[in-house]
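In: sequence first, predicted coordinates after that:
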Amino acid sequence: MFKLKDLFGKISLRFLSEEIFKVTVKKDNMQISILASGSSGNTTYIETPQRKILVDAGLSGIRIERLMNSIGKTLKDVDSILVSHEHIDHVQGVGVLARRYGMDIYANQKTWDAMNKRIGKVDNAQKYLFEPGQTLSLGDIDIESFNVSHDAANPQFYQFHHKDKAFAIVTDTGYIDDKVAGVIKDADAYLFECNHDIDMLRVGPYPWALKQRILGEKGHLSNEDGAQALMDVLGNRTKKIYLGHLSQENNVKELAHLTVEQLMAANDFAVGNDFEIMDTDPKKATNILTL
């Protein structure tokens, strides 16, 4: 027969074991927060046990630090920035963060050539080449790069793999070709572009030439185009879809969300059951997603 203190000891040991198991599991996950997404600036935070990474830094260093602090993180721990392309809403803070915190910067050669003057002096020891179609291994995370169709020098985005989980970022593109769709198919989570509502763009204040650029093959995905592309790539593993890079002038998050949700539901996708559609914001970080 157990003595009462022995029973309590066994119960305590069991709970202690469960807590150790929880901590172990948590430490082996990939954590993600879209710190800011929109036409005014973009940056995403990705963390694994061995790496802390930003994808783009399209805001001031101070604003990115505040966004990091809002999710309980600090830029002091970030080791790398992956740059998608040279547009200012993706590189505004790259140079200052590299100089202030000694972060390594990864971009392809054409993007480096195009953004060097925009980001200022960065020590050569912090500059790394990462070309489209390559896979980069940083500690416990593997990163696939792939070209997108945008009016930049050589735009590319990324899919992140940690353990058996995948997170793909696809914004700033006029369309999704079969090659990109094949790379990003059936990821666990996506940050996906829904830049504009077509009607809002057409009747809005932009000059006609700019409207044509946005609507073109090297422009941006509309809400409808984003929904269609998502339906072509999401799979049984997909649980979270973040709608990103919304135009401040030609879209609102409620409209983007409703458009994507309705189009998917009309095509028999179980929105809200098999997966969730999430909003992003240019000024507020999303809650941390753990994969």
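Out: Arrived safely, thanks for sending.

In: buried residues in stretch 137-155?
Out: 138, 141, 143-155 (16 or more other C-beta atoms under 10 Å). (Each C-beta comes from the backbone N, C-alpha and C, glycine too.)

In: ugh, typo on my part, it should be stretch 156-169
Out: Of the residues in stretch 156-169, 156-162, 165-169 count as buried by neighbour count, 16+ other C-beta under 10 Å.

In: over to stretch 263-280?
Out: Those buried within stretch 263-280 under the rule 16+ other C-beta under 10 Å are 263-264, 269, 275, 277-280.

In: most widely separated two among those?
Out: Based on C-beta to C-beta, the longest span within these runs between Phe269 and Thr280 and measures 20.1 Å.

In: would you map the helices across the stretch 1-150 of the chain?
Out: Counting by DSSP state H, counting those that start in this stretch, the stretch 1-150 of the chain has these helices, from start to end: 4-27, 61-70, 88-91, 94-101, 109-119.

In: need the contact partners of the last one.
Out: This means helix 109-119. If you take C-beta atoms under 8 Å, 6 or more residues apart in numbering as the criterion, helix 109-119 is touched by 83-86, 88, 91, 94-95, 98, 107, 127, 129, 131, 152-156.

In: specify the angle between it and helix 94-101 in degrees.
Out: Counting by axes from the mean of the first three to the mean of the last three C-alpha atoms, to 10 degrees, helix 109-119 lies at 80 degrees to helix 94-101.

In: could you write out the alpha-carbon coordinates of helix 109-119 in PDB?
Out: In PDB, the C-alpha atoms belonging to helix 109-119 read as follows (Å, rounded to 0.1, in the frame of the first residue of the first chain):
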ATOM      1  CA  GLN A 109      23.500  39.600 -56.200                       C
ATOM      2  CA  LYS A 110      21.200  41.800 -58.300                       C
ATOM      3  CA  THR A 111      19.300  42.800 -55.200                       C
ATOM      4  CA  TRP A 112      22.500  43.700 -53.400                       C
ATOM      5  CA  ASP A 113      23.500  45.800 -56.400                       C
ATOM      6  CA  ALA A 114      20.200  47.600 -56.400                       C
ATOM      7  CA  MET A 115      19.900  48.200 -52.600                       C
ATOM      8  CA  ASN A 116      23.500  49.100 -51.700                       C
ATOM      9  CA  LYS A 117      22.900  52.900 -52.000                       C
ATOM     10  CA  ARG A 118      19.600  52.700 -50.200                       C
ATOM     11  CA  ILE A 119      20.800  50.900 -47.000                       C
END
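
In: alright, that wraps it up for me.
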